[in-house]
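> Here is a sequence with its predicted model. Questions after.
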Amino acid sequence: MDSFADDFKRNTIEHEEKLRAERELMLSRQAELVALPEPNTSMTFIGVGGIGSNALHMAVSMGITDITIVDPDDIGHENVFPGAFPSFKVGEKKVSALMDDMVDYYNVYIDAMPCKLADASLKQASIVVVSTDSNVSRRQAWAKRDYLCYPNSLWIDARMGGYLSTVLTVSLADKAACDTYTEFIQWETDGSLPCGQKATAPLTKGFIAGMIGQSIMRYLNRQPPLYIQRYDLGMALHLTVAESG
């Protein structure tokens with residue numbers, strides 16, 4: 001009779017093999033539309049609340065596995081429906097819960113840092129997604145872009161408030177776009193964005209994650225980024241502004 005340890009090990013191996021097969025099937029189905037990430041493609045998520053947690057699942061589903069997530073916060077009840085968090089994980093660190101989920105759902109191991117950006121030891125990444133609810137932290141992150149990014153990295157700034165969601169996408173190789181983005185975030189107020197009070201599942205799980213996914217898809221397909229994507233849930237209007245570059 002097999003011991004409990006042998007049975008557990010066999011079930012674990014079978015589970016990992018099943019996840020690997022499902023992942024290969026998932027990637028093969030999207031291969032006609034999205035180029036598979038190059039082996040050195042990496043991502044950093046700064047903030048993994050309602051927007052970042054859903055975008056993380058989407059990025060892994062697109063084939064990116066070299067990922068680091070940074071967020072000091074615990075999961076609150078207000079994070080459960082807008083974010084990719086089950087209610088039984090309320091009170092846990094967001095990054096720890098997501099790190100476990102990536103293993104359980106995709107057999108992917110990511111780096112999780114339960115701290116503020118200033119205290120995180122990060123490597124440079126191909127794609128950086130900033131989805132905090134503070135304009136101050138956005139400026140702090142952008143000030144560290146040479147430390148966080150390669151010269152040709154993609155910078156994605158995703159935010160929401162009430163009915164409106166906006167994704168700003170900048171290629172670090174495009175100086176004009178970088179200057180425009182710098183000017184844009186400098187005149188914004190320092191207060192928190194209203195997403196903490198008004199984050200809604202249709203925006204965080206659907207529209208914003210989809211717009212981030214489109215930005216990543218264009219990057220993987222070597223297409224120029226869209227500078228601004230905006231969705232107004234109240235008007236049911238999806239507005240995309242012209243490509244940068």
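Happy to help now that I have it.
> wait, Val129 sits on Asn54?
No. Under the criterion of Cβ atoms under 8 Å, Val129 makes no contact with Asn54, lying 11.0 Å away. (Each C-beta comes from the backbone N, C-alpha and C, glycine too.)
> Can you report how many residues lie near Gly91?
Gly91: 10 surrounding residues under other Cβ atoms under 10 Å.
> meant to ask about Ser53, not that
28.
> max-length strand in the chain?
In the chain, with assignment by DSSP state E, the single longest strand is strand 149-161.
> mean confidence score for that strand?
For strand 149-161, mean pLDDT is 91.
> buried ones in that strand?
149-150, 153-161 (16 or more other Cβ atoms under 10 Å).
> Run the chain-centre distance for it.
How far strand 149-161 lies from its chain's middle: 10 Å, per Cα atoms, centre = their mean, to the nearest Å.
> what do you get for stretch 110-121?
Worked out by Cα atoms, centre = their mean, stretch 110-121 lies 14 Å from the chain centre.
> cool, stretch 151-168 as well?
10 Å.
> Please apply the same query to stretch 128-141.
12 Å.
> who touches it?
Outside stretch 128-141, the residues that touch it by Cβ atoms under 8 Å, 6 or more residues apart in numbering are 43-49, 51-52, 55, 59, 117-118, 142, 145, 148-149, 153-159, 185-186, 188-193, 195-196, 212.
> Start and end of it, how far apart?
Its start and end residues considered, stretch 128-141 measures 10 Å (Cα to Cα, to the nearest Å).
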